[in-house]
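Enquirer: need a 3D model of the sequence below.
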Amino acid sequence: MAIFPELLGLGLLGTIVICLISALPLYFAVKFLGGKATILKVILVNIAVGLLGFLLNIPIIGFILLLLIYKEMFELSWFRAFFAWILQFAVAVILILCAVLLLGIALF
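Expert: Numbering: from 1, shown residues only. Predicted coordinates for the structure are as follows:
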């Protein structure tokens, strides 16, 4: 279990909610590009990519492996895997803006 959510006092349920919310941008990006994705698969891919990034200390190899994981797990081409990687950040920004506007969450 992650230490960071425990420090915030979120417990197991909070950890699950954080994993679910953090998976949404990639899920929407892959679905938009026509890939085969489920929320559970996206969460597992996020965990695998996070572990891979932790274990590898060579960014370019890690990035290529990230694209390979996206390509194989979501049945995308290399270009679409790269575009999904970029698009997930755009989706994350849109989701954050929606949360700020709808829920009135203060950024500062």
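
Enquirer: which of the three states applies to the residue nearest in space to the middle of the chain?
Expert: Centroid-nearest residue in the chain: Ala23, 4.3 Å away (criterion: Cα atoms, centre = their mean). Per DSSP: H, G, I helix; E, B strand; the rest coil, the secondary structure class of Ala23 is helix.

Enquirer: does anything pack onto the helix ranked longest in the chain? Which helices or strands?
Expert: Identified as the longest helix of the chain according to DSSP state H is helix 78-103. On a contact count with 3 or more Cβ pairs under 8 Å, 6 or more residues apart in numbering; DSSP states H and E, helix 78-103 meets helix 11-32, helix 59-74. C-beta coordinates here come from the backbone N, C-alpha and C atoms, glycine included.

Enquirer: which one of those helices lies closest to Phe82?
Expert: helix 59-74 (5.9 Å; Cβ to Cβ).

Enquirer: what is that closest one packed up against?
Expert: helix 39-55, helix 78-103.

Enquirer: show residues contacting the shortest one.
Expert: Just to be clear, that refers to helix 39-55. Helix 39-55 has contacts (Cβ atoms under 8 Å, 6 or more residues apart in numbering) with 19-20, 22-23, 26-27, 30, 62, 65-66, 69-70, 73-74.

Enquirer: just the buried residues of those residues.
Expert: Among the contacts of helix 39-55, those buried by neighbour count (16 or more other Cβ atoms under 10 Å) are 19, 23, 26-27, 30, 62, 65-66, 70, 73-74.

Enquirer: about what we covered before: which of the helices and strands packed on helix 78-103 has the lowest mean pLDDT?
Expert: Note on the helices and strands packed on helix 78-103: helix 11-32 shows the lowest mean pLDDT, a mean of 85.

Enquirer: quick one on the thing from earlier: including distance to Cys98, could the helices and strands packed on helix 78-103 go into TSV?
Expert: TSV is the format used below for those (distance: least, Cβ to Cβ, whole Å):
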stretch	distance to Cys98
helix 11-32	11
helix 59-74	24
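
Enquirer: follow-up on the earlier one: closest to Leu12 among the buried ones among the contacts of helix 39-55?
Expert: Of all these, Leu12 sits closest to Cys19, with 10.7 Å by Cβ to Cβ.
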